[in-house]
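Chemist: Provided below for reference: sequence and predicted model.
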Amino acid sequence: MSLKKRLTAVGIIAIAAALTFGTAKSGRQVTEKQENTVFTKEKETLYLWYTDEALTSYLSSAAVTYNENHDVRVVPVLESGLEYLEKINQNSLEADAPDLYILGHDSLEKAYLAGLANEVTPPDRIVMEDEYIGTGLQAAAYKDKLIGYPFYFETSALLYNKTYIRDLAKSRLEAEAVQAKEDAGLLEEDKIEALEGTEGSADKEEQFTEEQISAKMQELLPDTIEDIRTFADSYDAPQQVEGVFKWDVTDIFYNYFFVGDAIRMGGEAGWDTSQIDIYNENAIKSMEAYQELNQFFSIDTSQISYEGILDEFMAGKMVFTVATTDAVFALEHAMADGLFEYEYGIAVTPDINDKMKTRSLSVTNCVVVNGYSEKKEVANDFAYFLTNEYTDILYARTGKVSAAKDVDYGYEALEQFAKEYEKSISMPKMLETSNFWVQLEVSFSEIWNGADANRELKELSEQIKSQITGEAYEEEYLEVTYEEQEQEEEYVDEEYFEENTLEGSEGE
């Protein structure tokens, strides 16, 4: 799924049997039971707008639960994602405003400047850093103000076939045990005992504890892209495996981790136009490392899609891929239906190498209190309840992963995604750079197919900075220094130093 589709789609995952919930004026039907429960006349009414149908059942349940303990009724209203913010703005100007709404964090600047996002006020004695993952708080901030409550997130991480890694770990442990016996001179004694019919261990399968196997599995998981390449070179793959590492190189969401630690777009909170750094040595080297993988893994961009790669992973055709949180939902259901015969695991996205780090891209959906609402205090209270106190069933009902801390997700894989989210970089909010992702995706495609990374990043940086400054901008061309060059220069310097030292000694 492309980044554009991810941000505008009505739903990522189809959730069965969603309840219909809305207002009479919008033409939506409300069941008699819901009407009696929610539309009690003496209670104040809050209207909550959202665009993702997958949230319907969850929001309905949250509204009923909140209604039971507060003199407030909450009415979730499903709206089209097309011109969503514009519709909120128009309704607000006509005194028909939603009191709060769910919005992707990358649109928060636009909402704030239009007066549609009010600074939120957490309940007394609540420390937000203790309640929400830091990345979510950065995503929900604009100019050092928190203008939304982090609700749920999406990011990418390393998905791997746990069965294959486990089998390899046992095989390595067995090989190490044999080697240890050879080194100790015990293997020949075992063979003699076996020939004499005694209880030797030459033909006996080694037994390893779960702790030993788990430790070896962790050792085998790649910390870097270079580790994956080394793994691919030495892996004796089962017959059904067609490739060690494959991911959707056509989608910036699965590629961005390569430059996530090298590029700066608006600072950590993504709103500061003075913090733009696209064209630098680390970014160039990162993109060149990305380009090299085309020859190593030979991924045909015309034949791949994220959904297709996930299907191949389920069929056991690959060991590693890059996936988003929806993969957990898909894999768990496939396992339940007998369509996925392996175990799987999630690990943080590997760095490029020991010196070049990576950071995945993340998107956070926030609950925003409308600046035009006349019930800001009540809306603020429900927004906190929704995003921090009613999170345990969020994934089960919607397939969304909460941005709150200390949530029992129910799956170890989602806990790993939360760790990835914590180290990820949020998509920026700057209106001036709204086309950055389309342009960067084009640059990734060109570089993957052989274009010069230096030139591509230089041109991209010039374009973005021209948009921000309002005038033509030209970057000074960077001459990149590589490790081999550095070693050669160091050697020449040492040789020069030795020669001059000798000459000086002779002169003395």
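Modeler: Received it, and whenever you're ready, just let me know what you need.

Chemist: ok, the nearest residue to residue 140 once chain neighbours are set aside - how many residues close by?
Modeler: Excluding the flanking residues, the one nearest residue 140 by CB to CB, 6 or more residues apart in numbering is residue 148, at 4.2 Å. Bear in mind the C-beta positions are built from the backbone N, C-alpha and C, glycine included. Residues lying near residue 148 (other CB atoms under 10 Å) number 31.

Chemist: right, and residue 100 touches residue 383 too?
Modeler: Yes - contact criterion CB atoms under 8 Å: residue 100 and residue 383 qualify, at 5.5 Å.

Chemist: higher neighbour count, these two?
Modeler: Taking neighbours as other CB under 10 Å, residue 100 and residue 383 compare with residue 100 leading, 29 against 26.

Chemist: residue 151 looks like it's in a strand, true?
Modeler: Yes - assessed by DSSP: H, G, I helix; E, B strand; the rest coil, residue 151 belongs to a strand.

Chemist: pLDDT weak spots in the protein?
Modeler: For the chain, the stretches flagged by pLDDT under 70 are 1-42, 186-206, 484-508.

Chemist: circling back to that earlier point, give me the common contacts of residue 100 and residue 383.
Modeler: 367-369 (CB atoms under 8 Å, 6 or more residues apart in numbering).

Chemist: which one among those residues gets closest to residue 419?
Modeler: Proximity of these to residue 419, judged by CB to CB, is greatest for residue 367, which lies at 23.4 Å.

Chemist: element containing that closest one?
Modeler: Element membership for residue 367, per DSSP states H and E: strand 361-369.

Chemist: could the C-alpha coordinates of that strand be exported in CSV?
Modeler: C-alpha atoms of strand 361-369 as CSV (Å, rounded to 0.1, in the frame of the first residue of the first chain):
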residue,chain,number,x,y,z
LEU,A,361,9.1,6.5,9.3
SER,A,362,5.9,6.7,11.4
VAL,A,363,2.5,8.3,11.2
THR,A,364,0.4,9.0,14.3
ASN,A,365,-3.3,9.6,14.3
CYS,A,366,-4.4,12.0,17.0
VAL,A,367,-7.6,13.0,18.7
VAL,A,368,-8.0,16.8,18.3
VAL,A,369,-10.2,19.2,20.3
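
Chemist: now that strand, how far from the chain's geometric center?
Modeler: Counting by CA atoms, centre = their mean, to the nearest Å, strand 361-369 is centred 13 Å from the centre of its parent chain.

Chemist: give me the neighbour count for residue 264.
Modeler: Neighbours of residue 264 using other CB under 10 Å come to 17.

Chemist: which one is it nearest to, not counting chain neighbours?
Modeler: Of all residues not flanking residue 264 in the chain, residue 277 sits nearest, at 4.0 Å (CB to CB, 6+ apart).

Chemist: domain ranges for this protein?
Modeler: When the chain is parsed with automatic domain parsing, its domains come out as 3-156+362-426, 482-508.

Chemist: how many neighbours does residue 336 have?
Modeler: Neighbourhood size, residue 336 [other CB under 10 Å]: 9.

Chemist: for residue 342, that is, sorry about that
Modeler: Residue 342: 16 surrounding residues under other CB under 10 Å.

Chemist: distance check, it against residue 248.
Modeler: Going from residue 342 to residue 248 by CB to CB, to the nearest Å gives 20 Å.

Chemist: residues touching the residue most central in space within the chain, list them.
Modeler: Among the residues of the chain, residue 155 comes closest to the average C-alpha position under CA atoms, centre = their mean, at 1.7 Å. For residue 155, the contacting residues are 324-325, 360-363, 417, 420-421, 424, by CB under 8 Å, 6+ apart.

Chemist: from these, which single one is nearest residue 182?
Modeler: Of the contacts of residue 155, the one sitting nearest to residue 182 (CB to CB) turns out to be residue 420, at 41.3 Å.

Chemist: residues contacting the residue nearest to residue 107 when sequence neighbours are not counted?
Modeler: Excluding the flanking residues, the one nearest residue 107 by CB to CB, 6+ apart is residue 85, at 6.0 Å. By CB under 8 Å, 6+ apart, the contact list for residue 85 reads 103, 107, 110-111, 114, 116.

Chemist: try residue 144
Modeler: Shown in contact with residue 144 (CB under 8 Å, 6+ apart): residue 269.

Chemist: tell me the spacing between it and residue 266.
Modeler: Between residue 144 and residue 266 the computed distance is 13 Å (CB to CB).

Chemist: strands of this protein, start to end?
Modeler: 44-50, 72-78, 100-104, 141-142, 145-146, 149-161, 243-245, 264-265, 276-277, 318-324, 344-347, 361-369, 401-402, 425-426 (DSSP state E).

Chemist: looking at those, which is closest to residue 297?
Modeler: For residue 297, the closest of these is strand 243-245, at 5.8 Å, according to CB to CB.

Chemist: and the closest one, what's buried?
Modeler: Within strand 243-245, the residues scored as buried using 16 or more other CB atoms under 10 Å are 243-245.

Chemist: next one: stretch 142-162
Modeler: For stretch 142-162, burial by neighbour count (16+ other CB under 10 Å) applies to 142, 146-162.

Chemist: just the CA trace of that stretch, in PDB.
Modeler: Output of stretch 142-162 as PDB, limited to C-alpha atoms (Å, rounded to 0.1, in the frame of the first residue of the first chain):
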ATOM      1  CA  TYR A 142       3.300  22.100  17.000                       C
ATOM      2  CA  LYS A 143       5.600  25.000  18.100                       C
ATOM      3  CA  ASP A 144       6.000  23.400  21.500                       C
ATOM      4  CA  LYS A 145       2.300  23.100  22.100                       C
ATOM      5  CA  LEU A 146       0.500  19.800  22.400                       C
ATOM      6  CA  ILE A 147      -2.400  20.200  20.100                       C
ATOM      7  CA  GLY A 148      -3.700  16.600  20.100                       C
ATOM      8  CA  TYR A 149      -3.700  13.400  22.000                       C
ATOM      9  CA  PRO A 150      -1.700  10.600  20.300                       C
ATOM     10  CA  PHE A 151      -4.200   7.800  19.500                       C
ATOM     11  CA  TYR A 152      -2.700   5.100  17.300                       C
ATOM     12  CA  PHE A 153       0.400   4.800  15.100                       C
ATOM     13  CA  GLU A 154       1.800   3.000  12.000                       C
ATOM     14  CA  THR A 155       5.400   2.300  11.300                       C
ATOM     15  CA  SER A 156       7.500  -0.400   9.700                       C
ATOM     16  CA  ALA A 157       9.800  -3.000  11.200                       C
ATOM     17  CA  LEU A 158      11.700  -6.200  10.300                       C
ATOM     18  CA  LEU A 159       9.400  -9.300   9.900                       C
ATOM     19  CA  TYR A 160      11.200 -12.600   9.900                       C
ATOM     20  CA  ASN A 161      10.300 -16.300   9.700                       C
ATOM     21  CA  LYS A 162      10.900 -17.500  13.200                       C
END
